[in-house]
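Chemist: Generate a structure from the sequence data that follows.
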Amino acid sequence: MIVLGIETSCDETAAAVYDSAHGLRSHCLYSQVATHAPFGGVVPELASRDHIRKLLPLIDAALASAGVTPSDLGGVAYTAGPGLVGALLVGATVGVGLALGWGVPAVPVHHMEAHLLAALLEAEQPAFPFVALLVSGGHSMLVEVAGLGRYRILGETLDDAAGEAFDKGAKLLGLPYPGGPELARMAERGRVGQFRFPRPMLKAPGLDFSFSGLKTALALRVRDLQASGALSEGQRADLAADYQQAIVDTLVGKSLRALEATGHRRLVVAGGVGANRVLREQLRRDLSRSGATVYYPRIEFCTDNGAMIAYTGCQRLLRAPAAYSSVRVEARPRWPLDELTEP
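Modeler: Residues are numbered from 1 along each chain as shown. Take a look at the predicted model:
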């Protein structure tokens with residue numbers, strides 16, 4: 001089964017080809033960071049227009065790089081949600097249109113399920129069952145994964161997600177867009193322990209997250225420091241280091257608690273925040289003490305990409321081809337992960 005995957009949920013345009021017999025055969029990505037940087041965040045209308053311009057050339061490039069033609073494909077998978085509705089509609093209409101023209105099924109894919117399964121693209125794959133820490137964009141959740149489509153949400157964010165906390169923290173520190181990676185880079189020059197920030201809900205029972213209070217704590221500390229003048233580079237670096245450490249401590253603490261609660265020994269970390277170096281180092285250290293193992297997709301597949309869409313679409317199509325016989329365009333800006341079922 002060879003599947004073309006299309007990703008347009010936000011500000012990354014991506015296409016990839018996955019082969020069930022030979023693995024990933026190609027993946028192409030165009031980032032819109034330069035387009036949205038002057039605005040300090042993603043502008044949905046601009047994102048949609050850029051997807052329209054870039055998607056078909058990327059699909060051509062992905063097919064050519066994989067050495068396949070449309071006649072070789074068994075299906076077209078596209079991100080159906082969650083995401084920006086205009087951006088989703090671009091990928092959905094192109095995906096369904098191509099599938100109709102080529103006479104193959106169109107497979108709507110849940111963006112977060114694809115992130116959750118991205119680690120299965122690697123040579124060292126986690127076996128089911130496992131716990132997944134999904135930290136992508138506006139999502140932070142812990143999920144028990146028993147198999148494809150068999151998910152139980154253990155905890156999720158009650159307000160801001162970890163990625164949003166990084167981005168909003170970066171904006172408070174005057175860092176450029178995209179804020180999360182910039183804050184992590186600045187934190188490398190800072191000293192942990194100069195400022196004390198809360199670890200939200202870490203001592204509270206349960207596995208839910210909340211990062212809005214942490215963001216407020218940073219805003220208040222910045223305001224207090226700025227009362228005596230502009231922040232120095234050293235102060236900004238120290239603030240970034242302690243702020244990042246508070247987020248990491250919270251994510252690691254909740255992940256360890258989820259493993260203990262479920263009895264599983266495997267943790268999968270997926271999503272853009274999963275590329276954070278401090279988070280990876282602390283998880284490796286703390287999980288090794290408990291005898292658990294942590295798995296990641298490669299760095300380029302932590303952020304949005306077409307490979308995870310092609311892989312997820314292929315797995316679902318292999319297990320339930322009849323489920324994708326109808327023709328309809330699906331775009332769901334809000335789509336709870338626990339609504340998915342086993343194929």
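
Chemist: what residues are up against A187?
Modeler: Shown in contact with A187 (Cβ atoms under 8 Å, 6 or more residues apart in numbering): A237, A240, A241, Y243, Q244, Q245, V278. From N, CA and C alone the C-beta is placed, and that goes for glycine too.

Chemist: Identify, from those residues, the entry nearest to K215.
Modeler: Y243 (8.8 Å; Cβ to Cβ).

Chemist: I'd like the distance from the helix or strand that closest one falls within to the chain centre, please.
Modeler: Element membership of Y243, judged by DSSP states H and E, is helix 233-262. On the basis of Cα atoms, centre = their mean, to the nearest Å, helix 233-262 is displaced by 18 Å from the centre of the chain it belongs to.

Chemist: right, and the helix or strand after that helix?
Modeler: Criterion used, DSSP H and E; the element after helix 233-262 is strand 266-270.

Chemist: what's the following helix or strand after that next one?
Modeler: In N-to-C order, the element after strand 266-270 by DSSP H and E is helix 277-290.

Chemist: Taking helix 233-262 as reference, get the angle to that following helix.
Modeler: Interaxial angle, helix 277-290 versus helix 233-262 (axes from the mean of the first three to the mean of the last three Cα atoms, to 10 degrees): 40 degrees.

Chemist: Go through helix 277-290 and flag the buried ones.
Modeler: V278, L279, R280, Q282, L283, L287 (16 or more other Cβ atoms under 10 Å).

Chemist: what about the nearest residue to the first one once chain neighbours are set aside, how many neighbours?
Modeler: Nearest-residue entry for V278: V248, 5.2 Å, with adjacent residues in sequence omitted and distances by Cβ to Cβ, 6 or more residues apart in numbering. One way to gauge burial is a neighbour count; for V248, by other Cβ atoms under 10 Å, it gives 22.

Chemist: again with the one 10 residues further on
Modeler: Using other Cβ under 10 Å, the number of residues around A258 comes to 20.

Chemist: was I right about it contacting I153?
Modeler: No - counting by Cβ atoms under 8 Å, A258 sits too far from I153 to count as a contact (10.7 Å).

Chemist: what is in contact with those two at once?
Modeler: With Cβ under 8 Å, 6+ apart as the test, A258 and I153 both reach L142.

Chemist: So for the helix holding Y243, what gets flagged as buried?
Modeler: 235-259, 262.

Chemist: Can you tell me which helices and strands it packs against?
Modeler: Counting contacts by 3 or more Cβ pairs under 8 Å, 6 or more residues apart in numbering; DSSP states H and E, helix 233-262 packs against strand 130-136, strand 139-147, strand 150-156, helix 162-172, helix 179-187, helix 212-226, strand 266-270, helix 277-290.

Chemist: Any chance of JSON lines for those, columns mean pLDDT and distance to R49?
Modeler: JSON lines is the format used below for the helices and strands packed on helix 233-262 (pLDDT from 0 to 100; distance: least, Cβ to Cβ, whole Å):
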{"stretch": "strand 130-136", "mean pLDDT": "96", "distance to R49": "23"}
{"stretch": "strand 139-147", "mean pLDDT": "97", "distance to R49": "25"}
{"stretch": "strand 150-156", "mean pLDDT": "97", "distance to R49": "32"}
{"stretch": "helix 162-172", "mean pLDDT": "96", "distance to R49": "23"}
{"stretch": "helix 179-187", "mean pLDDT": "96", "distance to R49": "23"}
{"stretch": "helix 212-226", "mean pLDDT": "97", "distance to R49": "31"}
{"stretch": "strand 266-270", "mean pLDDT": "97", "distance to R49": "29"}
{"stretch": "helix 277-290", "mean pLDDT": "94", "distance to R49": "34"}
